[in-house]
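Novice: model the following, please.
(chains A and B)
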Number of protein chains: 2
Amino acid sequence: MEYKVSNRMSSLKGSAIREMFKKMADPTMISLAGGNPAAELFPNEELSKIAADILKENPVGALQYGISEGSIPLREKILEMMKERENINASLDEITIVSGGQQAIEIVSKILLNEGDSVIVEAPSFVGGLNAFRSYGANLVGVEVESDGINIEKLKEAIKNTKNVKLIYTIPNFQNPSGVTMSVEKRKALYEIAREEGIFIIEDNPYGELTFDGVKLPTIKSMDEEGVVLYSGSFSKILAPGLRLGYLIASKEFTEKVVLGKQVSDVHTSLLPQLLAYEFMTRYDISELIEKMRTLYKKKCDVMIGAMREYLPENITYTVPGGGLFVWCNAPGIDTLKLSNECVEEKVLIVPGNNFATDQSLESNGFRLNFSTMPDDKIVEGVKRLGKVLKKYC
Amino acid sequence: MEYKVSNRMSSLKGSAIREMFKKMADPTMISLAGGNPAAELFPNEELSKIAADILKENPVGALQYGISEGSIPLREKILEMMKERENINASLDEITIVSGGQQAIEIVSKILLNEGDSVIVEAPSFVGGLNAFRSYGANLVGVEVESDGINIEKLKEAIKNTKNVKLIYTIPNFQNPSGVTMSVEKRKALYEIAREEGIFIIEDNPYGELTFDGVKLPTIKSMDEEGVVLYSGSFSKILAPGLRLGYLIASKEFTEKVVLGKQVSDVHTSLLPQLLAYEFMTRYDISELIEKMRTLYKKKCDVMIGAMREYLPENITYTVPGGGLFVWCNAPGIDTLKLSNECVEEKVLIVPGNNFATDQSLESNGFRLNFSTMPDDKIVEGVKRLGKVLKKYC
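Specialist: So this is what the prediction gives:
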C-alpha cells in the first residue's frame, strides 16, 4: 500500500553504527566501531541470583503493571547515588526512570520541540541524540568542541543567530565521539548562558564514572537551581546496556511532563531490570564494579594508544582520553567514509566522522575508535589493520 | 525556568486510570477500575528458574546491547505462534519487538501522523491509544461501536467527511472498554474499506486469547495481502504486563520504518524480558497458561455479572462479554464522572466513560468495570458498594 511518512520522520536515517553491528557476523572482523562495554565485567552471577530471588519473592512487583514514574526504591537509590557521587540534590518527584539514556532524549524532544525548532549540539556529537532531535523535525546547529569542551564564544553566536533555540545538548564527560571533557569554567559559562537565555540543557552523562584517574568534575546539574538542566543518567555503562535502564532528573514541574511522555510512550520501564539494578546496588557496592571498569578501560585505552603509536602514520592525530570508551582521530585530507569502507575490506570496523555531524552528507576527516569491547590482542590487530589501510594514503 | 510545551503535547492529559492507581494505597479500597491481569496466574516459579539460567548461561545475550528489531529466536517463536493461533503468515523482516502494545501505537503514530492528521477510532476506545494519537497532534474522529463492532456505514461517512485520515484504530476482540467483539463480516468490510481508501488499520489485539468459550474469529491481519494492517500483539495479558513486551507485525517496508522509530525511541527492548518470554514458550506450553486464564476470567466475569444482577438497579444496562477483562455499563441520565467520584467515597473505583471518548470533556453515561484483578469476594463487595451509590440516583 502506498503511503507517506510524516514530515518529522521523512529525513531520518538509521544509525550507520548499528548497521555495522551486522558485519560482526563475520568472525574474522574486528570492531573498533561500537560502544559496547566490556562483557567480562557484567556481574552475571550476581544478577542471576538476584533475578531468581526477585521473581520468587516479589512476583507482583516484577510482573504486574507498575507506575510510569518508575520503581520508588530504585529512584530513591539513584538519588542517594547522585547526591554522593555527583553532588546532585533532587527529590523523588524530580526523577523518572526511563528505558535507557536514548529514551530520555527522545521524550524531552517530544515535550519541547515543534517542527523547525532549533537544538544546539556539540560538533561532533552522539548520533543517537542527533537522531532523536531529527525525529521531531529539529534544526540542528553544531558548535565546535575544543580540547576543553564546547567553544563558548561560538555558542553565544549560534544562540544569537538562530531562531527558536529550545535545547542545548552536551555530553560533558569523555564526550562521544571526541573523548573531550568540558572544563569547570566552561560548565559554569554554559549554565549561565542557558539560564539567561531560557534554554534547557540536556546534560547527557553516560561516561562520567569511567574516569581513569578517579578525577570527576562537577556536573552542570549540580550548579542548577532553576531547573535549567535536564540530567540524563544511564546504567548502560556502569552495569549493563541490555537492561535498557536510565533516568532523567529535572524540575518537579518538568518531570510531570516527562512522566506523561513516558506513559504515552511505553507505560513504564520493564520492572525486572529496575528491580535488578536496585537489588544489585543494595546487595553490592556498585563503586567496586565501577572501579574495576576504570582499571580495565584505562588498560585497554593504553593498549590502543600504544598500538596507534606503533602502527598509524605520523600525520594521524588523536586525543588521548582521560576516560570513557573512545579515541577520536583526525586524518588530514582523508575522506573517512571512504576510509571506513576500505577498512571493512581489511576486516576492521571504524566509525567515520560524518556520522557525528549535523550534516551527515559532508566529508569528514575524523573517525572514532572504541577500546572497551575487544580483547587486547584484537585491539592491537585492529589498529594494525587500520594502519595498513591508512598507509595507502601517505 | 519558563518554557512552552510543544504543540503536540500541550493538550495531553495523563490517564485518569493510572492516576486512580494511587488511590489503591488505601487498603480498604476495591478497584474495579484497572486492567491488571490476575497476579495469581503469573508463572513466577518458572520465570525465576529461567531468569537465573539465562543470566548464568547467556549473560552477553541478556546484558550486552542487542538489535533494534528484537531477539531473532523470540521473533521466530512469535511468528510460529501467530501462524498457529491467528492464521497470520509473516516473515522475520515483518515483525519488530516493542516494549508493550502502547509503544507499537506510539511508534506508528510517529511514523505516519503529521500534526492535524486524522485518526478514526472506535467510540469508546482505549485511552492509551487515544493519548498516543493525541501526543502527535492528531484529530480524533470517533465512530460508534455496536454490539457486533464498529458501525460500518458511519465509518464510511467519517472517512468521506474527514481530511487526511491516516489510520483506523480498532481493538476487534473484547474491545476495551466496550467488551464487544467485531463480527467476521465487519472485519472484512473494514479491511476492504481501508484497502480501497489507502488507510492503515492498527489492529490492537491484547485480549484475543482471553476468549471464555475458546471461539476465536479470524484476525483482520489474516485477511491482509497488501500491508494494510499493522498488527499489535502483546504479552501483557497472556504472560505478564510488567515485562513490557509486545510486537508489531507489518509489511517488510513498513517494518523498516518501525525499526528506525524503535532505534530512536529506546535503541531496543530490554533483553531479559525478551529472553524470558522466548524461554518460557520453549520450555512450557503457553496455551496451557492461556487456558487457565480463560477459565479463571470466565469464572470471575460470572461472579461479577451475578453480583451486578443482584446489586445494581434495573435501569443499569451492560454487555455480558465473551472474553477479555471488562464489563461496559450504561447508566441512563447519570454523569458517570460524578458517579465515579461518589464511588471513591464508598471505597470502590470504576472508570467513567468520558475517559474513553475522543472529547473527554463531554458527559458520559457509560462506565467500565474490570473483573480480572480482584479476588471474587472483593468483586462482589465492590459491585455492592457501586449499587449503593447508584441507588441514590434512582
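Novice: mind checking the SS state of the residue nearest to A:Leu112 when sequence neighbours are not counted?
Specialist: Once flanking residues are discounted, A:Leu112 sits nearest to A:Lys166: 4.8 Å by CB to CB, 6 or more residues apart in numbering or on different chains. (Each C-beta comes from the backbone N, C-alpha and C, glycine too.) For A:Lys166, the reduced secondary structure class is strand; criterion used: DSSP: H, G, I helix; E, B strand; the rest coil.
Novice: just give me the neighbour total for A:Lys166.
Specialist: Taking other CB atoms under 10 Å in any protein chain shown as the criterion, the count of residues near A:Lys166 is 22.
Novice: contacting residues for it?
Specialist: Contacts for A:Lys166 (CB atoms under 8 Å, 6 or more residues apart in numbering or on different chains) come out as A:Leu112, A:Leu113, A:Asp117, A:Ser118, A:Val119, A:Ile199, A:Phe200, B:Tyr3.
Novice: if we go to 7 Å?
Specialist: Contacts here follow CB atoms under 7 Å, 6 or more residues apart in numbering or on different chains; on that basis A:Lys166 touches A:Leu112, A:Leu113, A:Asp117, A:Ser118, A:Val119, A:Ile199, A:Phe200.
Novice: check what pLDDT it gets.
Specialist: The predicted structure scores A:Lys166 at 98 on the pLDDT scale.
Novice: swap in A:Glu381?
Specialist: Reading off the model, A:Glu381 has pLDDT 98.
Novice: A:Arg18 too?
Specialist: On pLDDT, A:Arg18 comes in at 69.
Novice: low-confidence regions, chain A specifically.
Specialist: Counting by pLDDT under 70, chain A contains low-confidence residues at A:18.
Novice: in it, which helix is the longest?
Specialist: Scanning chain A for the helix with the most residues, using DSSP state H, yields helix A:286-311.
Novice: which strands and helices lie in contact with that helix?
Specialist: Packed against helix A:286-311 by the contact rule (3 or more CB pairs under 7 Å, 6 or more residues apart in numbering or on different chains; DSSP states H and E) you find helix A:376-391.
Novice: again, 10 Å this time
Specialist: Packing partners of helix A:286-311 (3 or more CB pairs under 10 Å, 6 or more residues apart in numbering or on different chains; DSSP states H and E): helix A:72-86, helix A:271-283, strand A:317-318, strand A:326-330, strand A:366-370, helix A:376-391.
Novice: most tightly surrounded among those?
Specialist: Counting by mean count of other CB atoms under 10 Å in any protein chain shown, strand A:366-370 has the highest mean neighbour count of the helices and strands packed on helix A:286-311, with a mean of 26.
Novice: per the record, what domains does chain A have?
Specialist: Following automatic domain parsing, one finds the domains of chain A at A:7-42+A:288-391, A:61-283.
Novice: now, of those, which is deepest in the fold?
Specialist: Per residue and on average, the most neighbours among the domains of chain A fall to domain A:61-283, with a mean of 22 (mean count of other CB under 10 Å).
Novice: what separates it from the chain centre, distance-wise?
Specialist: 9 Å (CA atoms, centre = their mean, to the nearest Å).
Novice: quick one: end-to-end length of that domain, please.
Specialist: Start to finish, the residues bounding domain A:61-283 are 18 Å apart (CA to CA, to the nearest Å).
Novice: could you measure from A:Ser340 over to chain B?
Specialist: Between A:Ser340 and chain B the computed distance is 20 Å (CB to the nearest CB, to the nearest Å).
Novice: mind checking how far that residue is from A:Gly366?
Specialist: Separation of A:Ser340 from A:Gly366 (CB to CB, to the nearest Å) stands at 11 Å.
Novice: and if you look at A:Leu41?
Specialist: Taking CB to CB as the measure, A:Leu41 and A:Gly366 are separated by 29 Å.
Novice: do a quick rundown of the strands in chain A.
Specialist: Remark: strands of chain A, listed N- to C-terminal, are A:30-31, A:95-98, A:118-123, A:139-146, A:149-150, A:165-170, A:200-204, A:229-234, A:246-249, A:317-318, A:326-330, A:348-349, A:351-352, A:366-370; assignment by DSSP state E.
Novice: re earlier: any shared contact partners between A:Ser340 and A:Gly366?
Specialist: A shared contact of A:Ser340 and A:Gly366, defined by CB atoms under 10 Å, 6 or more residues apart in numbering or on different chains, is any residue touching both; here these are A:Val351, A:Pro352, A:Gly353, A:Asn354, A:Asn355.
Novice: in CSV, list those along with distance to chain B.
Specialist: Output for these, formatted as CSV (distance: CB to the nearest CB, whole Å):
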residue, distance to chain B
A:Val351, 15
A:Pro352, 19
A:Gly353, 20
A:Asn354, 18
A:Asn355, 14
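Novice: of all the residues you listed, which two lie farthest apart?
Specialist: Across the shared contacts of A:Ser340 and A:Gly366, the two members that end up farthest from each other (CB to CB) are A:Val351 and A:Asn354, 9.3 Å apart.
Novice: identify the contacts common to these two.
Specialist: With CB under 10 Å, 6+ apart applied, the overlap between the contact sets of A:Val351 and A:Asn354 consists of A:Ala16, A:Thr336, A:Leu337, A:Ser340, A:Gly366, A:Phe367.
Novice: and A:Lys163, what does it touch?
Specialist: In this structure, A:Lys163 makes contact with A:Gly116, A:Asp117, A:Ser118, A:Asn139, judged by CB under 10 Å, 6+ apart.
Novice: which of the residues you listed come close to chain B?
Specialist: A:Asp117 (CB under 10 Å from any CB of the partner chain).
Novice: which non-adjacent residue is nearest A:Glu226?
Specialist: Leaving aside its chain neighbours, A:Glu226 sits nearest to B:Met1 (5.2 Å; criterion: CB to CB, 6+ apart).
Novice: for A:Ile152, list the residues it contacts.
Specialist: Taking CB under 10 Å, 6+ apart as the contact definition, A:Ile152 lies against A:Val143, A:Glu146, A:Met182, A:Ser183, A:Glu185, A:Lys186, A:Lys188, A:Ala189, A:Leu190, A:Glu192, A:Ile193.
Novice: do A:Ala250 as well
Specialist: Counting by CB under 10 Å, 6+ apart, A:Ala250 makes contact with A:90, A:94-96, A:104, A:108, A:111, A:200, A:202, A:221, A:224, A:227-232, A:256-258.
Novice: contacting residues for the residue sitting nearest the centre point of chain A?
Specialist: Closest residue to the average C-alpha location of chain A: A:Pro206 at 5.2 Å, with CA atoms, centre = their mean. Listed by CB under 10 Å, 6+ apart, the contact set of A:Pro206 reads A:35, A:100-102, A:126, A:171, A:173-174, A:176, A:232-238, A:241, A:246, A:324-325.
Novice: repeat the analysis, applying 7 Å as the threshold.
Specialist: Shown in contact with A:Pro206 (CB under 7 Å, 6+ apart): A:Gly101, A:Ser234, A:Ser236, A:Lys237.
Novice: next one: A:Gly246
Specialist: Residues A:Val98, A:Gly100, A:Gly101, A:Gln103, A:Ala104, A:Ser232, A:Gly233, A:Ser234, A:Phe235 are the ones in contact with A:Gly246 under the rule CB under 7 Å, 6+ apart.
Novice: which two of the contacts of A:Lys163 have the greatest separation?
Specialist: Spatially, the most separated pair among these is A:Gly116 and A:Ser118, at 8.0 Å (CB to CB).
Novice: quick one: common contacting residues for these two?
Specialist: Each of A:Asn139 lies in contact with both A:Gly116 and A:Ser118 under the rule CB under 7 Å, 6+ apart.
Novice: between the domains of chain A, which one is nearest to B:Asp376?
Specialist: Sorting the domains of chain A by CB to CB, the top spot, which is the nearest, belongs to domain A:61-283 at 18.6 Å.
Novice: need the contact list for the closest residue to A:Ser364 other than its chain neighbours.
Specialist: Closest residue in space to A:Ser364, ignoring its immediate chain neighbours: A:Gly353 at 3.2 Å, by CB to CB, 6+ apart. Contact partners of A:Gly353, counting by CB under 7 Å, 6+ apart, are A:Pro124, A:Thr336, A:Ser364, A:Asn365, A:Gly366, A:Phe367.
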